[in-house]
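*Asks:* this one's structure only:
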């Protein structure tokens, strides 16, 4: 692995931007305010920002690579390799692929969840981003409990979320039918069968939460709609509130010290596409600690600069929402900050155009994995070997 020297950038260190240089050694950051030393690769970051890599706790945009149109499938490995290129090009160096295992067939079926997990595990060594498995368990999918319990015990799940999308409104049933490849009538029958077992769901949630706690897996609850619902999941060990649907619930989560996740696209677009909570308002009130890509990989980078431009947060604090805080939420203490001994997940950004930050270079785990502008690459200063004349 080539050691890298990044010279003269406006570098985010301890919550402030300072002009400094840093050097990596192997997978980690070796030193700040550094000389080139033994580094063989030299990047000139003068006039550029040097930032910790983005950590994405919840992203499911990879589903569009698997099924770009309803009923049009592509191989899972092809989809994940292409998604890896996308996340790295957008500065995401740690990505949790949010895989939904539902009671529905098709894209979110049992077979698809198994295929995704197996493929992620097989591809990890060749992917540029540190790629992890976030299982989004539909709580009414009772038949999956035994297998998920086994996955938890085996350490194959990196984040575990409880979701409930069993209350499908009539206007969304056609979308569900299209994704699952079923008729509306078949979807209605399936939903009737799912809801008929609702009384068994709380006990299943409790068993799975206990299994996740035993395995040391961080848990999330999705779309909490009341403080009471948040308190129930918190009591089970789910300390991450993902997309609380109203301010009252977010306030309860904040008062208890829970991590609170909203979608970065919500910030970029100026509101939720569902008409629910406006993320920038929650951030301004201190009711959001993490922004996730959700369904659009460029959104985290864009959201941080949007928050700074709007005066909602200084850029250093906005960056915490997409790097340090999600790393802490996931229990990844080795990343999310630029400091000696931390994992060398680093992005170099050109911020000259307002609201349109441009990724110049990405270093993931000490490797240069993306370079969009070769002009910042300086000829190596490493001593050359000389060959004696014959």
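*Replies:* Cool, the structure landed. Values in this document were obtained by computation on a predicted structure and should not be read as measured data.
*Asks:* what are the buried residues along stretch 366-376?
*Replies:* 366-370, 376 (16 or more other Cβ atoms under 10 Å). Any C-beta I mention is one placed from the backbone N, CA and C, and that applies to glycine too.
*Asks:* which non-adjacent residue is nearest residue 243?
*Replies:* Distances taken as Cβ to Cβ, 6 or more residues apart in numbering place residue 223 nearest to residue 243, at 5.4 Å, with adjacent residues excluded.
*Asks:* same deal with residue 345?
*Replies:* Here the residue nearest residue 345, using Cβ to Cβ, 6+ apart, is residue 53, at 3.2 Å.
*Asks:* now swap in residue 317 and tell me
*Replies:* Leaving out its chain neighbours, residue 317 is closest to residue 15 (Cβ to Cβ, 6+ apart), at 7.5 Å.
*Asks:* please parse this structure into its domains.
*Replies:* Using automatic domain parsing, the domain ranges for the chain come out as 4-51+340-378, 53-329.
*Asks:* adding mean pLDDT as columns, could you present those in JSON lines?
*Replies:* Output for these, formatted as JSON lines (pLDDT from 0 to 100):
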{"stretch": "domain 4-51+340-378", "mean pLDDT": "96"}
{"stretch": "domain 53-329", "mean pLDDT": "94"}
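*Asks:* so what touches stretch 34-49?
*Replies:* 2-12, 17, 21-25, 30-31, 348-352, 357, 360-361, 368, 376-382 (Cβ atoms under 8 Å, 6 or more residues apart in numbering).
*Asks:* buried among the residues you listed? Need that as a selection in PyMOL.
*Replies:* The following PyMOL line selects those of the contacts of stretch 34-49 that are buried, judged by 16+ other Cβ under 10 Å:
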select buried, resi 3+4+5+6+7+9+10+11+12+17+21+22+23+24+25+30+31+348+349+350+351+357+360+361+368+376
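*Asks:* next SSE after the host helix or strand of residue 210?
*Replies:* Secondary structure assignment for residue 210, by DSSP states H and E: helix 201-215. Sequence-wise, the next helix or strand downstream of helix 201-215 (DSSP H and E) is strand 218-222.
*Asks:* quick one: list the elements packing against that next one.
*Replies:* Under the contact definition 3 or more Cβ pairs under 8 Å, 6 or more residues apart in numbering; DSSP states H and E, strand 218-222 sits against strand 159-163, helix 201-215, helix 227-235, strand 240-242.
*Asks:* what's the spacing between the last one and its chain's center?
*Replies:* Spelled out, it's strand 240-242. 13 Å (Cα atoms, centre = their mean, to the nearest Å).
*Asks:* next SSE after it?
*Replies:* In N-to-C order, the element after strand 240-242 by DSSP H and E is helix 247-255.
*Asks:* what lines up beside the helix or strand that comes right after that following helix in the sheet?
*Replies:* Next in sequence after helix 247-255, counting helices and strands by DSSP H and E, comes strand 259-263. Using DSSP bridges, the strands paired with strand 259-263 are strand 240-242 (parallel), strand 290-292 (parallel).
*Asks:* residue 223 versus the residue nearest the centre of the chain, what's the distance?
*Replies:* For the chain, residue 56 is the residue whose C-alpha lies nearest the centre (Cα atoms, centre = their mean; 1.5 Å). Per Cβ to Cβ, to the nearest Å, residue 56 is found 19 Å from residue 223.
*Asks:* try residue 302
*Replies:* 24 Å.
*Asks:* residue 6 too?
*Replies:* 40 Å.
*Asks:* same check on residue 324?
*Replies:* 25 Å.
*Asks:* just residue 10 next, same as before
*Replies:* Residue 10 is 38 Å from residue 223, by Cβ to Cβ.
*Asks:* for residue 367, same thing?
*Replies:* Residue 367 is 37 Å from residue 223, by Cβ to Cβ.
*Asks:* got it, and residue 249?
*Replies:* In terms of Cβ to Cβ, residue 249 sits 10 Å off from residue 223.
*Asks:* and what of residue 262?
*Replies:* 12 Å.
*Asks:* likewise for residue 14?
*Replies:* Distance from residue 14 to residue 223, by Cβ to Cβ: 35 Å.
*Asks:* which one of the two has more residues nearby?
*Replies:* Taking neighbours as other Cβ atoms under 10 Å, residue 14 and residue 223 compare with residue 223 leading, 17 against 10.
*Asks:* wait, that one touches residue 164, no?
*Replies:* Yes - in this structure, residue 223 is within contact of residue 164 by Cβ atoms under 8 Å, at 7.4 Å.
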